[in-house]
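Undergrad: sequence first, predicted coordinates after that:
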Amino acid sequence: MQASFLTPTGHSDIFITAAIWTGLAALLLTLLLGLQIIAMRVGLRRRQRGEARALARWRPVLNAAIVGDIPDTLPALRHGERLPFLRLWAHLQGSLRGEANESLNEVARRAGIDVYARTLLARGARPARLLAALVLGHLHDREAWLALMRMAESPDDTVSLTALWALVRIDPQAAADYMVPLFIAREDWALSLAAGILQQASEPAGAALARHLPQLDAARLPRALRIAEALHVSLPAGMLAGALRSDAMPVVIAALRGVRTPDTIAEVRALLAHEDWQVRVQAARALGRVGERSDAARLAALLGDAQWWVRYRAAQALLELPALSSADLEALRASLTDRFAADMLGQAMAESLAA
């Protein structure tokens, strides 16, 4: 049998041919990529021009609505104008308050934006769903409630929190009943986020907190108390007094931070002698908020505490007592025999003057 083989010239021809085809393929891919980039830029320019036309058409209408001059007949909202309209409308809503918000809502409903936003909420991409939730919250759209509840269960925190914000806008009472236990349980969510959302429903949130607090164990109670503090909610005196008498230090500290009325002043005074210095710090601060003239002696005694922070907070609390004048404070400082105590009160007074 005759053996088949390739000559050196045959090898060279194959390599040359492969290189030519590889170069042609690379050139073709480069051309296709260039065409795609051009198409994307053309599409972007077209969208930008379309958005500019939409804004030029609708901005005067919305600006007129803000000042209470809503036209009897609105322009027809074209298909390509809906998203630019939503973005502009949501931006204006976020920067206004009062009657202007309701005027913008009227324009949106007459333009059919509520229906479109509900469609985006159900089937839109993530950015569109977030925008739709904001719009429906501003519109107080009750028909979106169930869809927003489902959205609030999303593992995506941004999606979930945006839906919760919208729920508060739609129905503060129902939203507070749903969200208070959720925010207590979700310790991975910052308290500032919870407070920022619930701030628009502080009264129903306070009532919901009062209902849930007796059911919480010592592990959950501090977070609930911190939420009440962040919302500036005054809890029932009996409930707060019970927390102040707790054996769990985190509960006591959280309860002290939430003291805003003198109803629990007896419990606060008792905690000035607590064995833990962090409790004494918070007790001094609480007494500065709700204390009486007679509490000056109690706080002055803390100026000699072994812990620097206790001395510092006691000095600040003395300055916060509404019954003490500057002359009273000067007299108190002059009467102190402990040099460190006198220096601490003097430092707090100097800081107050410099602020």
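TA: Sure, I can see it.
Undergrad: can you tell me the SS state at Ala133?
TA: helix (DSSP: H, G, I helix; E, B strand; the rest coil).
Undergrad: surely it meets Leu121?
TA: Yes. If you go by Cβ atoms under 8 Å, Ala133 and Leu121 touch, sitting 6.4 Å apart. All C-beta spots, glycine's among them, are computed from the backbone N, C-alpha and C.
Undergrad: what does the pLDDT read for the nearest residue to Ala273 once chain neighbours are set aside?
TA: Spatially, and ignoring its direct neighbours in sequence, Ala273 is nearest to Arg280 (7.6 Å; Cβ to Cβ, 6 or more residues apart in numbering). Arg280 carries a pLDDT value of 97.
Undergrad: buried residues in the one helix or strand Arg280 maps to?
TA: Using DSSP states H and E, Arg280 sits within helix 277-290. By neighbour count on 16 or more other Cβ atoms under 10 Å, the buried set for helix 277-290 is 278-290.
Undergrad: save the residues you listed as JSON lines, and put in distance to Met151 too.
TA: Conversion of these to JSON lines gives the following (distance: Cβ to Cβ, whole Å):
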{"residue": "Gln278", "distance to Met151": "40"}
{"residue": "Val279", "distance to Met151": "42"}
{"residue": "Arg280", "distance to Met151": "46"}
{"residue": "Val281", "distance to Met151": "42"}
{"residue": "Gln282", "distance to Met151": "38"}
{"residue": "Ala283", "distance to Met151": "43"}
{"residue": "Ala284", "distance to Met151": "45"}
{"residue": "Arg285", "distance to Met151": "40"}
{"residue": "Ala286", "distance to Met151": "40"}
{"residue": "Leu287", "distance to Met151": "45"}
{"residue": "Gly288", "distance to Met151": "43"}
{"residue": "Arg289", "distance to Met151": "40"}
{"residue": "Val290", "distance to Met151": "42"}
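Undergrad: who does the helix holding Arg280 touch, helix- and strand-wise?
TA: Packing partners of helix 277-290 (3 or more Cβ pairs under 8 Å, 6 or more residues apart in numbering; DSSP states H and E): helix 249-257, helix 265-271, helix 295-302, helix 308-320.
Undergrad: what's it in contact with?
TA: Contacts to helix 277-290, defined as Cβ atoms under 8 Å, 6 or more residues apart in numbering, come from residues 249, 252-253, 256-257, 259-262, 265, 268-269, 271-274, 295, 298-299, 302, 305-307, 309-310, 313-314, 316-321.
Undergrad: buried subset of those?
TA: 252-253, 256-257, 259-260, 265, 268-269, 271-272, 274, 295, 298-299, 302, 305, 310, 313-314, 316-321.
Undergrad: break down the protein into its strands, ranges please.
TA: For the chain, applying DSSP state E gives no strands.
Undergrad: pull the longest helix from it.
TA: In terms of residue count, the longest helix belonging to the chain (DSSP state H) is helix 8-66.
Undergrad: what is the mean pLDDT for that helix?
TA: 75.
Undergrad: then stretch 302-317?
TA: pLDDT averaged over stretch 302-317 gives 95.
Undergrad: same question, stretch 127-147
TA: According to the model, stretch 127-147 has a mean pLDDT of 93.
Undergrad: what residues of that stretch count as buried?
TA: In stretch 127-147, counting by 16+ other Cβ under 10 Å, buried: 128-139, 141, 144, 147.
Undergrad: read off the pLDDT value for Gln2.
TA: Listed pLDDT for Gln2 reads 45.
Undergrad: ok, which of the helices and strands packed on helix 277-290 comes nearest Ile184?
TA: helix 249-257 (12.0 Å; Cβ to Cβ).
Undergrad: packing partners for the closest one?
TA: So helix 249-257, by 3+ Cβ pairs under 8 Å, 6+ apart, packs with helix 221-230, helix 237-244, helix 265-271, helix 277-290.
Undergrad: now the longest one, how far from the centre of its chain.
TA: Yep, that's helix 277-290 we're talking about. Remark: helix 277-290 is offset 27 Å from the chain centroid, using Cα atoms, centre = their mean, to the nearest Å.
Undergrad: ok, now stretch 303-318?
TA: 33 Å.
Undergrad: cool, and stretch 195-212?
TA: With Cα atoms, centre = their mean, you get 14 Å for stretch 195-212.
Undergrad: make 476 the first number, not 1, from now on.
TA: That works, and once the first residue is 476, the last one we named lands at stretch 670-687.
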